[in-house]
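[1] Next comes the sequence, and after it the predicted model I'd like to discuss.
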Amino acid sequence: MKNRRNKVLAGALLLDLALGDPPNRYHPVAWMGNAIAFAQRRAPEHGVLGQLASGALITVTGVTTAAVLGRLLDRVVARLPGPIGWLVEAGLLKTMFSIRRLATAAEEVESALGTNDLPEARRLVGWHLVSRDTAALDAAQVAAATIESVAENASDGVVAPLLYYALGGLPAVLAYRFVNTGDAMLGYRDDAHEWLGKAPARVDDLANLLPARLTAALLVSAAALAGEDAGEGWRAWRRDAGETDSPNAGHPMSAMAGALGVELEKAGYYRLGAGQRLPTAKDIGRAARLLWWSSGLAAGLVILLMRQESNKPGPRSVADIASDCEMT
């Protein structure tokens, strides 16, 4: 089991590096999004209790379905002959995280800013990375939004899926991705989503408590390896992690801000690394390098975790107990 899980993880990482993400029509996370959108259209548009109950029902039903489907897939891939089983599982796991796509999206924004094409940079960051209105952002704000998204998605889109796979295999990682997708689609503080998105947002907060803090620690460690300022990354993390409304997003974002020596601000909401210089296009490339380094560290940590789990003694069978009795 240990060697198989390691092969699955290695295969998934290689697929991500080589191929990136499949088209949405073949992507399980896109299917989850379609299911959530279908349920949202049938949820009540008014009434606190009705919307709250609908959001909770969407979350519970979706998480349960995802976990059951993951368990069924576990059984299917275990019965496939030779290496086919772990290769199929690697393909499934790859769709649960994305390093290459995140880095590429950031680099596209960096390229647009580098050629002083601010309108294109605004379009790209709004299309790929953030949900906020980007029309009035200046170059530094576009760079900041990109770096923030790289840091936050390092947790949600890389570390958390790998961690949940290590802890519970396909059932756990599929359930996590449904929770995270539900929050991304419904967890807004506006009139249409305030109560409908309450349950998805709170469950997502809970699911990301450990991954967000682990990601911050990995970014600080990555900074030391990549020649960035690990000490300031640590200090900014400890000082500014609580500045965001989210209990989790501030952890990786503040660590990233400190490591890069830049100020990340979302006007009216937070300032991370306050007093440091404003970010530029080049800082986006530095953030992408920290993403790659921290992802590698996360993969190594997951391998160690799976090794520890596989070395734990399992429950003893009746035959083992009987054999011990005969020996005595």
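    Right, received. Where do you want to start? Numbers count the residues shown, from 1 in each chain.

[2] who touches the helix or strand hosting residue 124?
    Element membership for residue 124, per DSSP states H and E: helix 118-128. Helix 118-128 has contacts (C-beta atoms under 8 Å, 6 or more residues apart in numbering) with 105, 108-109, 112-113, 132-135, 137-139, 142, 145-146, 149. Placement of C-beta: from N, CA and C, glycine included.

[3] For the following helix or strand past it, name the packing helices and strands.
    Of the helices and strands lying after helix 118-128 in sequence (DSSP H and E), the nearest is helix 139-154. Counting contacts by 3 or more C-beta pairs under 8 Å, 6 or more residues apart in numbering; DSSP states H and E, helix 139-154 is packed against helix 100-114, helix 118-128, helix 209-226, helix 250-260, strand 264-266, helix 281-311.

[4] ok, residue 30 - contacts?
    Contacts here follow C-beta under 8 Å, 6+ apart; on that basis residue 30 touches residue 24.

[5] Geometrically speaking, which residue is the centre of this structure?
    Central residue check for the chain by C-alpha atoms, centre = their mean: the C-alpha nearest the mean position is that of residue 156, 1.8 Å away.

[6] May I have the predicted confidence score for the closest residue to it other than its chain neighbours?
    Spatial nearest neighbour of residue 156, chain neighbours left out: residue 180 (5.6 Å); criterion: C-beta to C-beta, 6 or more residues apart in numbering. The per-residue pLDDT reported for residue 180 equals 96.

[7] got it, and residue 83?
    On the pLDDT scale, residue 83 gets 89.

[8] repeat for residue 195
    Residue 195 is assigned 92 on the pLDDT scale.

[9] so residue 166 touches residue 300, yeah?
    No: using C-beta atoms under 8 Å, residue 166 makes no contact with residue 300, being 11.4 Å away.

[10] Which of the two has more residues huddled nearby?
    Under the criterion of other C-beta atoms under 10 Å, the comparison of residue 166 against residue 300 puts residue 166 first, with 23 against 11.

[11] Now the more buried one: phi and psi?
    Reported as degrees, to the nearest 10, the phi and psi values for residue 166 are phi -60, psi -40.

[12] Roughly how far does it sit from residue 157?
    Using C-beta to C-beta, to the nearest Å, residue 166 is found at 16 Å from residue 157.

[13] Likewise for residue 57?
    For residue 57 relative to residue 157 (C-beta to C-beta), the value is 26 Å.

[14] what about the two, which has more around it?
    Of the pair residue 57 and residue 157, residue 157 is the one with more neighbours under other C-beta under 10 Å, namely 22 against 13.

[15] Give me the secondary structure label for that one.
    Per DSSP: H, G, I helix; E, B strand; the rest coil, the local secondary structure of residue 157 is helix.

[16] mind listing what's buried in stretch 128-141?
    Buried residues in stretch 128-141, counting neighbours by 16 or more other C-beta atoms under 10 Å, are found at 128-130, 134, 137, 139-141.

[17] export that stretch as CSV, just CAs?
    Provided in CSV are the C-alpha atoms of stretch 128-141 (Å, rounded to 0.1, in the frame of the first residue of the first chain):
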residue,chain,number,x,y,z
HIS,A,128,-8.0,33.3,-13.8
LEU,A,129,-7.3,34.3,-10.2
VAL,A,130,-9.7,36.6,-8.3
SER,A,131,-13.4,37.2,-8.0
ARG,A,132,-13.1,40.9,-7.2
ASP,A,133,-13.7,43.7,-9.7
THR,A,134,-10.3,44.4,-11.3
ALA,A,135,-11.3,47.3,-13.7
ALA,A,136,-9.9,50.1,-11.5
LEU,A,137,-6.8,48.3,-10.2
ASP,A,138,-3.4,49.9,-10.8
ALA,A,139,-0.3,47.8,-11.7
ALA,A,140,0.8,47.3,-8.0
GLN,A,141,-2.7,46.3,-7.0
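
[18] ok so, going back, my guess is the residue nearest to the centre of the chain meets residue 207, correct?
    No: using C-beta under 8 Å, residue 156 makes no contact with residue 207, being 9.5 Å away.

[19] Determine the residues that are contacts of both of the two.
    Common neighbours of residue 156 and residue 207, counting by C-beta under 8 Å, 6+ apart, are residue 180.

[20] thought residue 247 was touching residue 205?
    Yes: because the distance of 5.5 Å satisfies C-beta under 8 Å, residue 247 is recorded as touching residue 205.

[21] related to what we said a few turns ago, Throw the helices and strands packed on helix 139-154 into TSV and include distance to residue 77 and mean pLDDT, thanks.
    Output for those, formatted as TSV (distance: least, C-beta to C-beta, whole Å; pLDDT from 0 to 100):
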stretch	distance to residue 77	mean pLDDT
helix 100-114	23	96
helix 118-128	31	95
helix 209-226	25	98
helix 250-260	32	98
strand 264-266	41	94
helix 281-311	16	91
